[in-house]
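Asker: One predicted model, sequence on top.
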Amino acid sequence: MLTANEIRDSFKSFFESKGHQIVPSAPMVIKDDPTLMFTNAGMNQFKDIILGNQPIKYARVADSQKCLRVSGKHNDLEEVGHDTYHHTMFEMLGNWSFGDYFKEEAICWAWEYLVDVLKLNPENLYATVFEGSPEEGLSRDDEAASFWEKFLPKDHIINGNKKDNFWEMGDTGPCGPCSEIHIDLRTAEEKAKVPGNQMVNKDHPQVIEIWNLVFMQYNRKADGSLEGLPAKVIDTGMGFERLCMALQGKTSNYDTDVFQPMIKAIAAMAGVNYGDDKQKDIAMRVIADHIRTIAFSITDGQLPSNAKAGYVIRRILRRAVRYGYTFLGQKQAFMYKLLPTLIENMGGAYPELNAQKELISKVMKEEEDSFLRTLETGIRLLDKTMSEAKAQGKSEISGKDTFTLYDTFGFPLDLTELILRENGMTADIKGFEAEMQQQKQRARNAAAVETGDWITLNEGTTEFVGYDYTEYETSILRYRQVKQKNQTLYQIVLDKTPFYAEMGGQVGDSGVLENANEKIVVVDTKRENNLPVHIVNELPENPAATFVAKINKEIDDVMQRIQNNGERIEQE
Ligand code: SER
């Protein structure tokens, strides 16, 4: 039996033998395309070549591309872990021809690879072809059908509509009919009852699409019309994990060696067996899936954060942490400990994992720790809220409660919804959105400030000593008045300070500045030019005096940290 790594290599070798240049996967994170946050198809990195905006470097190319389908048009997140064949991150094996070969070779080589090289049973294979679209003036793709007829009996060739068999990059741009290869992995008994050609595209977990061959031959213009492309393009994409499932004789992607080493490592860590308990199995699948997404995103330059693509990654991480916490008893950061298993399995094909392992580990652990600090309290609150709602005969929790979980406890909305679903309940989404709007308005109001000029007492710059000290002797370098709504505050810059400023508008350290004569309360610390600026309600009577700056240690308690870590998220 071929291993996953051997299967990936065999795909590349096969297309290399057909004159293709093997190229590395593009990063999964996309930074320069406002229409896309993550790579969701192998063709993304070739978009400009296909559009003719970039010269063709190689006419034939093949690769294995890291893809992520968790936002926008393609979003499989809810299914992941619950079924056996959806993933957040997956690998797409693809071969391309830019103005070189077209349908005949694409079909013949796909067949040769699956049947002659990999020895898949041709009786289990089905091909779909575009049935045509009168309103577009397009006829059935008889050409593709005629090539398939060389290999498949007519009842294994199925007509498909525009939705399934006409692939478009977007509203405009290259497009064309496509042919999908589906595989029927059901038992002989099931096949005898209902033939496979009736099961194609019916969401059966064992009758699935494995490969999409797109024949790009048109350009969709802004007025909706189609014109022929000067250079025809082949764009194929095969689901690597599904191919492994078919070749390794499994009925779940998670039973292949793509995921089993990770699932075994999770099971060992939690002291459970995969296969014994439905909920625990789901949790293990979720973690085995999500750890790949998180690790590869970090390597490719997307750290978890509070906005846009970063928040997608944070949500995925929090989803995994919650599954581990609730169903596998993981009360401490655990995912980062599974990284060596991931690197052992995927590091050969994707050396970037190994190169960045320290960074991934550090970021993952910090994210886990930060969420775990509030997770338990949040879960308790949610349990209480659910019980109260149930006691009142309700099956919905309010938008306000949902928002508190989100804003104060760092529960992404989809995580709250997931937990509610597990308990047969829902959230008031409209109410949640209204709370979100109100908070944004509050933030906008709070941000309206009027600042006075800086009064300089001493020249110099701040030295931050907070990594080593919680109190330190200090004096004021400069200060200024700040008017914010109805409040008058002062900002103070110290020469040495133990007060740390949180990033991104969150609450920083607080404490006091004191000497024998007076005591000034520091209510917050902001970051300015990367150095701490302290916020106080009143100025010292003698600003030129020497003080001891002391961090309020109680501030470090859990509830305050909850505030510090509370999400103030600009929703994507
Ligand atoms: N672009 C097509 C897809 O994503 C084939 O690679 O399915």
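Answerer: Received, thanks.

Asker: contacts and neighbour counts: CA atoms only from here.
Answerer: Will do.

Asker: Phi and psi next, for the residue in the chain that the ligand sits nearest to.
Answerer: With C-alpha to the nearest ligand atom, the shortest gap between the chain and the ligand falls at Gly237, namely 3.4 Å. Here is the backbone geometry of Gly237 (degrees, to the nearest 10): phi -140, psi 120.

Asker: what is it paired to in the beta sheet?
Answerer: Beta-bridge partners for Gly237, by DSSP bridges, are Asn212.

Asker: Please renumber the chain so that the first residue is 53 from this point on.
Answerer: Noted, 53 is the first residue going forward, which turns the last one into Gly289.

Asker: and it, how many neighbours does it have?
Answerer: By the other C-alpha atoms under 10 Å criterion, the neighbourhood of Gly289 contains 24 residues.

Asker: Ok, Ile159 next?
Answerer: 20.

Asker: what do you get for the one 3 residues further on?
Answerer: Residues lying near Ala162 (other C-alpha under 10 Å) number 20.

Asker: Remind me which helix or strand it belongs to.
Answerer: helix 155-163 (DSSP states H and E).

Asker: likewise Tyr524?
Answerer: Using DSSP H and E, Tyr524 falls in strand 523-536.

Asker: so how far is that strand off the chain centroid?
Answerer: Here strand 523-536 is found 41 Å from its chain centre; the criterion is C-alpha atoms, centre = their mean, to the nearest Å.

Asker: Contact partners for the most centrally placed residue in the chain?
Answerer: Of all residues in the chain, the one closest to the mean position by C-alpha atoms, centre = their mean is Ile365, 4.1 Å from it. Contacts for Ile365 (C-alpha atoms under 8 Å, 6 or more residues apart in numbering) come out as 345-346, 349, 354-357.

Asker: Give me the distance between it and Val81.
Answerer: As judged by C-alpha to C-alpha, to the nearest Å, Ile365 and Val81 stand 11 Å apart.

Asker: Between the two, which contacts overlap?
Answerer: Contact criterion C-alpha under 8 Å, 6+ apart; residues shared by Ile365 and Val81: 349, 354.

Asker: Within the helices and strands, which one has the closest residue to Val564 other than its chain neighbours?
Answerer: Among residues not flanking Val564 along the chain, Val573 sits closest, at 4.5 Å (C-alpha to C-alpha, 6 or more residues apart in numbering). Here Val573, judged by DSSP H and E, is contained in strand 571-580.

Asker: what ranges do the helices span in the stretch 453-602 of the chain?
Answerer: Ranges of helices within the stretch 453-602 of the chain are 465-474, 481-499, based on DSSP state H, counting those that start in this stretch.

Asker: Not counting sequence-adjacent ones, nearest residue to Thr508?
Answerer: Arg530 (4.2 Å).

Asker: swap in Tyr363?
Answerer: Using C-alpha to C-alpha, 6+ apart and skipping residues adjacent in sequence, the residue nearest Tyr363 is Ser357, 5.1 Å away.

Asker: what's the burial count for the one you found?
Answerer: Counted by other C-alpha under 10 Å, the residues lying close to Ser357 total 17.

Asker: Could you check how far it is from Met488?
Answerer: Using C-alpha to C-alpha, one obtains 18 Å as the distance from Ser357 to Met488.

Asker: Gln250 too?
Answerer: In this view, Gln250 and Met488 are 46 Å apart by C-alpha to C-alpha.

Asker: swap in Lys389?
Answerer: Lys389 is 35 Å from Met488, where distance means C-alpha to C-alpha.

Asker: Those two: which is more packed in?
Answerer: Taking neighbours as other C-alpha under 10 Å, Lys389 and Met488 compare with Met488 leading, 21 against 15.

Asker: Run through the residues that contact the residue nearest to the more buried one when sequence neighbours are not counted.
Answerer: Closest residue to Met488 apart from its sequence neighbours, by C-alpha to C-alpha, 6+ apart: Phe455 at 7.2 Å. Applying C-alpha under 8 Å, 6+ apart, we find Phe455 in contact with 484, 487-488.

Asker: Make TSV out of those and add pLDDT and distance to Ala340.
Answerer: TSV is the format used below for the contacts of Phe455 (pLDDT from 0 to 100; distance: C-alpha to C-alpha, whole Å):
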residue	pLDDT	distance to Ala340
Phe484	96	31
Glu487	93	34
Met488	90	32
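
Asker: any idea how far the spatially closest residue to Asn604 that is not a sequence neighbour lies from Asp193?
Answerer: Once flanking residues are discounted, Asn604 sits nearest to Gly563: 4.1 Å by C-alpha to C-alpha, 6+ apart. Distance from Gly563 to Asp193, counting by C-alpha to C-alpha: 73 Å.

Asker: The two: which has the busier surroundings?
Answerer: With neighbours defined as other C-alpha under 10 Å, Gly563 and Asp193 compare such that Gly563 has more, 24 against 17.

Asker: wait, isn't that one in contact with Val573?
Answerer: Yes: judged on C-alpha atoms under 8 Å, Gly563 makes contact with Val573 at a distance of 6.0 Å.

Asker: List of residues touching stretch 585-599?
Answerer: For stretch 585-599, the external contacting residues (C-alpha under 8 Å, 6+ apart) are 509, 525-528, 540-546, 551, 553, 565-567, 570-579.

Asker: for the stretch 53-202 of the chain, what spans make up the strands?
Answerer: With DSSP state E, counting those that start in this stretch as the criterion, the stretch 53-202 of the chain has strands at 73-74, 112-120, 122-123, 126-127, 141-150, 177-182.

Asker: picking up where we left off before, can you tell me which of the contacts of Ile365 are in helices?
Answerer: Within those, residues falling in helices by DSSP state H are 345-346, 349.

Asker: can you redo the residues you listed as CSV with pLDDT, distance to Asp152 and neighbour count?
Answerer: Shown next, in CSV, are the ones in helices among the contacts of Ile365 (pLDDT from 0 to 100; distance: C-alpha to C-alpha, whole Å; neighbours: other C-alpha atoms under 10 Å):
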residue, pLDDT, distance to Asp152, neighbour count
Thr345, 97, 34, 24
Ile346, 97, 37, 25
Ser349, 96, 34, 24
